[in-house]
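Chemist: predicted model, plus sequence, below.
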Amino acid sequence: MLYTAFFGIGMGPVPWCVNSEIYPIAVRGAGNGAATATNWLTNLFVSLSFLTLAKAVSLAGVFWIYSCVALVTLVFVIFMCVLHSLQLKTCL
């Protein structure tokens, strides 16, 4: 229940909120579609893997696995943002 609550106020609405700001108008539809598909596929992966992982490890272990995946994703996004900002500074 806590996962659903925090996902709903956290990462859940991000694809729809952010896409209107980061894509040019010409590709906004395709970008929003790709983000929506990624969001649904990620939700599908979590739904399909949860019970199998819970039986294999434990409930706490499943949430640790998902937390580690979220942490790796966060590090990747931060790295990409830093890399992108460095490229912008060298271009200017």
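Modeler: Arrived safely, thanks for sending.
Chemist: use CA for all of it now, contacts and neighbours both
Modeler: Noted.
Chemist: what sits against Tyr3?
Modeler: Tyr3 makes contact with no residue, according to Cα atoms under 8 Å, 6 or more residues apart in numbering.
Chemist: for the helix or strand encompassing it, output the C-alpha coordinates as PDB.
Modeler: Taking DSSP states H and E as the criterion, Tyr3 maps to helix 2-9. Output of helix 2-9 as PDB, limited to C-alpha atoms (Å, rounded to 0.1, in the frame of the first residue of the first chain):
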ATOM      1  CA  LEU A   2       2.900   2.400   0.800                       C
ATOM      2  CA  TYR A   3       4.500   1.600  -2.600                       C
ATOM      3  CA  THR A   4       1.300   2.600  -4.400                       C
ATOM      4  CA  ALA A   5       0.900   5.700  -2.400                       C
ATOM      5  CA  PHE A   6       4.500   6.900  -2.900                       C
ATOM      6  CA  PHE A   7       4.500   5.900  -6.600                       C
ATOM      7  CA  GLY A   8       1.300   7.800  -7.100                       C
ATOM      8  CA  ILE A   9       2.800  11.000  -5.700                       C
END
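Chemist: now the element after that helix, going C-ward?
Modeler: Following helix 2-9 in sequence, per DSSP H and E, is helix 14-22.
Chemist: tell me which other helices or strands that next one touches.
Modeler: With contacts defined as 3 or more Cα pairs under 8 Å, 6 or more residues apart in numbering; DSSP states H and E, the packing partners of helix 14-22 are helix 28-56.
Chemist: now the helix it packs on: average pLDDT?
Modeler: Per-residue pLDDT values across helix 28-56 average out to 90.
Chemist: what about the next helix or strand after it, distance to the chain center?
Modeler: Downstream of helix 28-56, the first helix or strand assigned by DSSP H and E is helix 59-91. Helix 59-91 sits 9 Å away from the centroid of its parent chain (Cα atoms, centre = their mean, to the nearest Å).
Chemist: centre of the chain to the helix holding Tyr3, how far?
Modeler: For helix 2-9, the distance to the chain centre is 14 Å (Cα atoms, centre = their mean).
Chemist: next: stretch 2-19.
Modeler: With Cα atoms, centre = their mean, you get 9 Å for stretch 2-19.
Chemist: what mean pLDDT does the helix holding Tyr3 have?
Modeler: Taken as a whole, helix 2-9 has a mean pLDDT of 75.
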